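A.B. asks: Here you go, sequence then predicted model.
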Amino acid sequence: MLTSFRTNIMTTIDFKSHAKVGVYVDASNISRNGGQRMQYDILREFACRDYAEPLRLNVYLSYDEERAETNVVYRDKARAYQSALRELGYKVIEKRVKWFQDEAGNRYGKANADLDMAVDVLLQSENLDRVLLATGDGDFVQVVRALQNKGCRVETLAFDNVSEELRRESDMFVSGYLVPGLLPTRGDDYLSPIWGAMGSRVRGYCYHHDDNKSFGFMRFLVKLSPYLWKTDSRDSESPYRTAFFHDSSLPDGFNVMKLPSRNHIFEFTLAEPNGKQPVATDIVLVHPAPL
């Protein structure tokens, strides 16, 4: 018993990463582009999926002081949201909304946190091995290059309206839609099956399609793992699984000539297997959003 216990401990220690991670969230960009309900605890787990140490966890939020003075509901919700983030270990950096007036006399507010976030990540990266940027803003392309030149691995996570250049420059881009639990699925509640279980709703993409036989396979992530690069679900260490689908189950009007595609992300229910793989049913397109 004691020998076995020691063996398990050593296995865990050997597996544990020594990487120091920094997470930087452009909250306004994420919220505007599909991530309004992003779960920050899951984001932290994803960033530290190889048992890495989260050295920096920064969230950049806009805050309208003028509105808060007259709108108690807004003020209380904003403060409660910030408190919840701090309980998860995040540092909240407020960017105050500044109001301007255009030539026509219309007032508009601006609270751009890009510069603050860029400066922080560049200065703090001296002590980091890996940086996760939660944003789809192409203005961060130069920041990514600078971080890489300093020896940091840079990962980017976002949902919609992601800069193609930012995708290409990052060492790894992950769509937030694909991370289990990061964004609630349709009809998600406490009674819903756990992501990946039979009957659960998951999100994935078509990696293989047979035009002649009108069927294909969806790939979806079932757990947070250091082996995200092992996409072949036949590998015992792969965190991915596959689901069979027939073209008739795809959303009405979807052009199957676009498949296979990693850019089209679907949400579907896992039904009982048809052979080895479960079947994807009730399929809806979540990205890019249908017109």
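C.D. replies: Right, received. Where do you want to start?

A.B. asks: now the residue most central in space within the chain, nearest residue through space, not along the chain?
C.D. replies: For the chain, the residue nearest the mean C-alpha position is Gly176 (2.5 Å; CA atoms, centre = their mean). Residue nearest to Gly176 in three dimensions, not counting chain neighbours: Phe159, with 4.7 Å by CB to CB, 6 or more residues apart in numbering. C-beta coordinates here come from the backbone N, C-alpha and C atoms, glycine included.

A.B. asks: List the contacts of the one you found.
C.D. replies: For Phe159, the contacting residues are Ile30, Asn33, Gly34, Gly35, Met38, Gly136, Ser175, Gly176, Tyr177, Leu183, His287, by CB atoms under 8 Å, 6 or more residues apart in numbering.

A.B. asks: Distance of the first one relative to Phe245?
C.D. replies: So that's Ile30. Distance, Ile30 to Phe245, using CB to CB, to the nearest Å: 29 Å.

A.B. asks: and this protein, what are its domains?
C.D. replies: Each domain of the chain is listed here as a residue range: 16-178, 201-287, per automatic domain parsing.

A.B. asks: what about the last one, start to end distance?
C.D. replies: Right, the one you point to is domain 201-287. Using CA to CA, to the nearest Å, the gap from the first to the last residue of domain 201-287 comes to 15 Å.

A.B. asks: Show the average pLDDT along that domain.
C.D. replies: In this model, domain 201-287 has an average pLDDT of 95.

A.B. asks: Now do that domain: distance to the chain's middle.
C.D. replies: In terms of CA atoms, centre = their mean, to the nearest Å, the centre of domain 201-287 is set 18 Å apart from its chain centre.

A.B. asks: Mind giving me the ChimeraX select for the contacts of Phe159, buried ones only?
C.D. replies: Buried residues within these, by 16 or more other CB atoms under 10 Å, are selected in ChimeraX with:
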select :30,33,34,35,38,136,175,176,177,183,287
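
A.B. asks: For stretch 57-69, buried residues please.
C.D. replies: Judged by neighbour count (16+ other CB under 10 Å), stretch 57-69 contains these buried residues: Leu57, Asn58, Val59, Tyr60, Leu61, Ser62, Tyr63, Asp64, Ala68.

A.B. asks: In helices only, show me those.
C.D. replies: Ala68 (DSSP state H).

A.B. asks: Filter the buried residues of stretch 57-69 down to just the ones in strands.
C.D. replies: Using DSSP state E, the subset of the buried residues of stretch 57-69 located in strands is Leu57, Asn58, Val59, Tyr60, Leu61, Ser62, Tyr63.

A.B. asks: which residues does the fifth one contact?
C.D. replies: Residues counted as contacts of Leu61 (CB under 8 Å, 6+ apart) are Ala27, Ser28, Ala78, Tyr81, Gln82, Val92, Ile93, Glu94, Lys95, Ala113.

A.B. asks: Check the second one too.
C.D. replies: Contacts of Asn58 were listed using CB under 8 Å, 6+ apart, and they are Gly22, Val23, Tyr24, Val25, Tyr90, Lys91, Ile93, Met117, Asp120, Val121.

A.B. asks: For the residues you listed, work out which two are farthest apart.
C.D. replies: Maximum pairwise distance in the contacts of Asn58, criterion CB to CB, is 14.4 Å, between Tyr90 and Val121.

A.B. asks: So the closest residue to Asp114 other than its chain neighbours: helix, strand or coil?
C.D. replies: Leaving aside its chain neighbours, Asp114 sits nearest to Asp139 (5.4 Å; criterion: CB to CB, 6+ apart). Under DSSP: H, G, I helix; E, B strand; the rest coil, Asp139 falls in the helix class.

A.B. asks: Go ahead and confirm Asp139 touches Leu115.
C.D. replies: No - no contact is recorded between Asp139 and Leu115 when judged using CB atoms under 8 Å, the distance being 9.2 Å.

A.B. asks: More neighbours: which of these two?
C.D. replies: When Asp139 is set against Leu115 and neighbours are counted by other CB atoms under 10 Å, the residue ahead is Asp139, at 16 against 10.

A.B. asks: Partner strands of the strand or helix carrying Pro54 and their direction?
C.D. replies: With the criterion set as DSSP states H and E, the secondary-structure element containing Pro54 is strand 53-63. Note on strand 53-63: by DSSP bridges, its sheet partners are strand 20-26 (parallel), strand 91-96 (parallel).
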